[in-house]
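Enquirer: after the sequence you'll find the predicted model.
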Amino acid sequence: DSASRTVSIVHSANPKEIIHVTLNAGAQTPESIEEGRMEILPGDSIFVARSGVIYVVGELIRPGGYQVEHNNRLTLLEAVALAGGLTRTAKASQSRLIRRSATGREELTVNLQKVLYGGGPDMLLTDGDILFVPTSAIKEYSQQVINAAIGSATTYAIYRLATPTPN
């Protein structure tokens with residue numbers, strides 16, 4: 001499941017030549033299968049790399065690690081879509097992208113709100129990137145107030161229905 005779709009083949013007759021093949025996961029016709037055939041001889045080596053992983057955490061419907069199958073690249077919008085979208089309490093405008101660099105980890109502020117609505121560039125994520133979407137304290141508080149109001153109204157309605165009215 002974690003295999004990359006890119007396979008490298010080294011023929012024993014010419015070890016300096018490396019052939020890279022991208023496997024197609026879609027439906028194939030007999031013609032495309034025949035076209036894509038490659039002869040593998042005794043002593044040849046086949047290498048299958050591990051697929052990259054990006055992590056989306058915080059206020060998303062399904063946070064977690066997601067495999068990157070498109071040459072180890074995925075966009076912000078694709079990552080959010082894989083994670084099921086943002087929760088109601090997400091503070092998308094203050095999202096952060098944590099990325100490995102030559103000097104360690106670097107953290108970039110990303111206005112995911114603008115990206116989602118077409119007002120900002122859709123950045124490319126690479127293997128090992130972490131997208132963090134924080135919680136909006138105001139939205140969280142508003143949600144708690146709404147839930148409390150609904151609970152109180154429900155309790156009052158049940159009380160009124162259960163209490164007999166005097167004649």
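Expert: Sure, I can see it.
Enquirer: which secondary element of this protein has the worst mean pLDDT?
Expert: helix 30-35 (a mean of 58; mean pLDDT, DSSP states H and E).
Enquirer: ranges for the helices of this structure?
Expert: 30-35, 76-82, 112-116, 137-162 (DSSP state H).
Enquirer: got CSV for those, with distance to residue 61 and mean neighbour count too?
Expert: From N, CA and C alone the C-beta is placed, and that goes for glycine too. Listed next are these as CSV, based on distance: least, C-beta to C-beta, whole Å; neighbours: other C-beta atoms under 10 Å:
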stretch, distance to residue 61, mean neighbour count
helix 30-35, 36, 9
helix 76-82, 9, 18
helix 112-116, 14, 18
helix 137-162, 15, 10
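Enquirer: JSON lines for the ones you listed, including distance to residue 96?
Expert: Below are those laid out as JSON lines (distance: least, C-beta to C-beta, whole Å):
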{"stretch": "helix 30-35", "distance to residue 96": "42"}
{"stretch": "helix 76-82", "distance to residue 96": "12"}
{"stretch": "helix 112-116", "distance to residue 96": "10"}
{"stretch": "helix 137-162", "distance to residue 96": "16"}
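Enquirer: pick out the shakiest of those, pLDDT-wise.
Expert: Among the helices of the chain, helix 30-35 carries the lowest mean pLDDT, at a mean of 58.
Enquirer: tell me, what residue is most central in this structure?
Expert: Residue closest to the average C-alpha location in the chain (C-alpha atoms, centre = their mean): residue 79, at 3.0 Å.
Enquirer: what pLDDT, on average, does stretch 56-67 get?
Expert: 92.
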